[in-house]
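# Could you work out the structure for the sequence below:
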Amino acid sequence: GHWLLPSGADWLHGFHIALRKSYFVPVILCAFWFGRTTTYVVTLLITLNYVPYLLSRWQGHTAENLNQVGELLTAWALALLASELFRREKEALVKAASIHAGALVALVRALDVREHNTQRHSLRVQAYTLRLCDELNISSEQRSMIGRAALLHDIGKIGIPDSILLKRGPLSKQERIRMQDHAEIGASILESVPSTATESQIISCHHERFDGNGYPRGMKGEAIPIGARIFAVADVFDALTSRRPYRDAISIESALTQIVEGSGSHFDPIVVKAAERISPAEWKAIRDKVEGHRNCESSTTKLATDKG
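Alright, predicted model coming up:
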């Protein structure tokens, strides 16, 4: 259009100016989406397209000639500045995300101070949950959110008294009711933080059952958020395959059998089918990987303490 349209009339001249300004749009979009290199390539292509037109219309009107050269220089200045600004913004967002992730882990570690093994349990549940998300083709954004919720699903236990949380024997009826409050306590802790508001909705119902016999609200079927339905399986699987003071761990195969038996009652059948498609060897590999990271972290902490 810039090449073919005549430019004699004032309104046509104005249209040409608008077309020249439109060259800035792909520069900005490339800077935002693709980064510096692609932005420079696109700006170069614009230059190669624009220069022949500029030379073909070069006349004795110095002001207009300088104006058109200025348009081209502006495109390059915009490419340089926009790509740099968007690069810095992305770095800031990555840094903020890293700080946010560290804060989440710190919350879990705060709970670990009170209840030994909780951090490893939460990390394992998160790893199992993410693998189930992959098996169910959950979108990347939703997968990340569900993973954060899985990591923090027991954070509400911070509000449970030690006499109940650390009790070795069976809980009384009143104590069980008090323990069940941890789901809503966890949600209330996180819902006040805008970045974890969605996760808080999942955490509040991670003890709901597919048949409606769970707590705290007795939600049923697909009314339960998909994230909660996924890590309900992961949570129980880890509980069954982990040693507790009052019982030994059972095998992965036996745990999967119990989960299959709970399909349609405790668990979403679709999630159970996904769990069945993951081999026992892979379940074990996921657990070993989490435990390996934990052992490395413990060794590093011990070394730092010894040096201190």
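
# Residues touching the strand or helix carrying Ser144, excluding its own?
Ser144 is located in helix 140-151, with elements delineated by DSSP states H and E. By C-beta atoms under 8 Å, 6 or more residues apart in numbering, the surrounding residues in contact with helix 140-151 are 104-105, 108, 122-123, 125-126, 129-130, 133-134, 138, 196, 198-199, 202-203, 206, 226-228, 230-231, 234. Every residue, glycine included, has its C-beta placed from N, CA and C.

# Go ahead and measure how far it is from the middle of the chain.
5 Å (C-alpha atoms, centre = their mean, to the nearest Å).

# Could I have the CA atoms of that helix written out in PDB?
Provided in PDB are the C-alpha atoms of helix 140-151 (Å, rounded to 0.1, in the frame of the first residue of the first chain):
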ATOM      1  CA  SER A 140       1.500 -25.600  31.400                       C
ATOM      2  CA  GLU A 141       0.000 -22.700  33.300                       C
ATOM      3  CA  GLN A 142      -2.500 -24.800  35.100                       C
ATOM      4  CA  ARG A 143       0.100 -27.400  35.800                       C
ATOM      5  CA  SER A 144       2.400 -24.900  37.500                       C
ATOM      6  CA  MET A 145      -0.500 -23.600  39.700                       C
ATOM      7  CA  ILE A 146      -1.600 -27.100  40.700                       C
ATOM      8  CA  GLY A 147       2.100 -27.900  41.500                       C
ATOM      9  CA  ARG A 148       2.300 -24.900  43.900                       C
ATOM     10  CA  ALA A 149      -1.000 -25.900  45.500                       C
ATOM     11  CA  ALA A 150       0.300 -29.500  46.000                       C
ATOM     12  CA  LEU A 151       3.400 -28.200  47.700                       C
END
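
# for Gln174, what are its contacts?
Per C-beta under 8 Å, 6+ apart, neighbours of Gln174: none.

# What helix or strand is it located in?
Counting by DSSP H and E, Gln174 is found in helix 173-180.

# Could you tell me which residues within that helix count as buried?
Glu175, Arg178, Met179, Gln180 (16 or more other C-beta atoms under 10 Å).

# try stretch 265-274
Neighbour-count burial for stretch 265-274 flags His266, Phe267, Asp268, Val271, Val272, Ala274 (criterion: 16+ other C-beta under 10 Å).

# Let's have those residues in CSV, adding secondary structure and distance to Lys220.
Formatted as CSV, the buried residues of stretch 265-274 follow (DSSP: H, G, I helix; E, B strand; the rest coil; distance: C-beta to C-beta, whole Å):
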residue, secondary structure, distance to Lys220
His266, coil, 12
Phe267, strand, 13
Asp268, coil, 11
Val271, helix, 15
Val272, helix, 16
Ala274, helix, 20
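
# Ala63: which of the residues you listed is nearest?
For the buried residues of stretch 265-274, the closest approach to Ala63 (C-beta to C-beta) belongs to Ala274, at 68.5 Å.

# need the contact list for that closest one.
Here Ala274 is in contact with Leu132, Glu135, Leu136 (criterion: C-beta under 8 Å, 6+ apart).

# for the helix holding Gln174, what is the average pLDDT?
The pLDDT scores in helix 173-180 average 90.

# what's the residue nearest to His153 when sequence neighbours are not counted sitting at in phi/psi?
Once flanking residues are discounted, His153 sits nearest to His206: 4.9 Å by C-beta to C-beta, 6 or more residues apart in numbering. Backbone geometry at His206, expressed as degrees, to the nearest 10, gives phi -80, psi 0.

# All further residue positions should be reported with the first residue as 30.
Will do, 30 is the new start, and the previous item becomes His235.

# Counting neighbours, what do you get for His235?
27 (other C-beta atoms under 10 Å).

# Now do it against Pro199, distance only.
Distance, His235 to Pro199, using C-beta to C-beta, to the nearest Å: 22 Å.

# from what I can see Leu152 touches Gly321, true?
No: contact between Leu152 and Gly321 fails when scored by C-beta atoms under 8 Å: they sit 11.2 Å apart.
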